[in-house]
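Student: need coordinates for the below:
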Amino acid sequence: MGSTIAYRLMLVVAAASMLGLSQANKGWGSPKSNYTGWGWGWNSTNKHPLNETERPQKITVGGAEKWHFGFNYSDWAFQNAPFYFNDTLVFKYDPPSNGTFPHSVYLFPDRWSYLNCNLKRAKMIANATQGGDDGFEFVLNKWIPYYFACGEHNGIHCKIGGMKFMVVPLFRWHY
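Tutor: Residues are numbered from 1 along each chain as shown. Coordinates of the predicted model:
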């Protein structure tokens, strides 16, 4: 029972931290960001909360860069936050060939595994061939931290290739 309370408290603290950081740095997004409004401010023209889209969005992980070795996806996730409940992350990457290295998508069960790129308990959610064409889609359908990484080459892409990030989806509210 105590561990359940501690886990819930940790989730609340993580979400509050992300909210605070994204509000403090809301002007840092790049022109290619998926920014749709921060949600807790007010538009001075119509007095409605800033653009809280009523429908979930499809967001390509990495934007135009897609999912590849050597790109910092943690920075990308920070710059494109917040993500919302039922948004879909689309992982696009080339299938393996003579000229490209394979990529995959793993979901880590906890922060420790994510920070250490420890794949022992991670679950592969997309293999090396699923990122082609329209990409692999993953719906953020729970209010939990999601920890993603490429698991290829025993986690090297995660450890030194920048291919990892985390998100905690927020709830949308309608007015």
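Student: name the SS class of G99, please.
Tutor: Classification of G99 using DSSP: H, G, I helix; E, B strand; the rest coil returns coil.
Student: neighbours of it, how many?
Tutor: By other C-beta atoms under 10 Å, 6 other residues sit near G99. C-betas here are computed from N, CA, C, even on glycine.
Student: could you list the low-pLDDT ranges of the chain?
Tutor: For the chain, residues meeting the criterion pLDDT under 70 lie at 1-53, 98, 174-175.
Student: can you show me the strands along it?
Tutor: 58-60, 88-91, 105-108, 123-126, 136-139, 146-149, 164-167 (DSSP state E).
Student: what strands line up against the shortest one, and which way round?
Tutor: Looking at strand 58-60 with DSSP bridges, its partner strands are strand 88-91 (parallel).
Student: neighbouring contacts of the strand it pairs with?
Tutor: Residues from elsewhere that reach strand 88-91 (C-beta atoms under 8 Å, 6 or more residues apart in numbering): 56-61, 67, 83, 105, 126, 130-131, 134-140, 148, 167.
Student: and stretch 123-143, what's buried?
Tutor: 126, 128, 130-131, 135-136, 138, 140 (16 or more other C-beta atoms under 10 Å).
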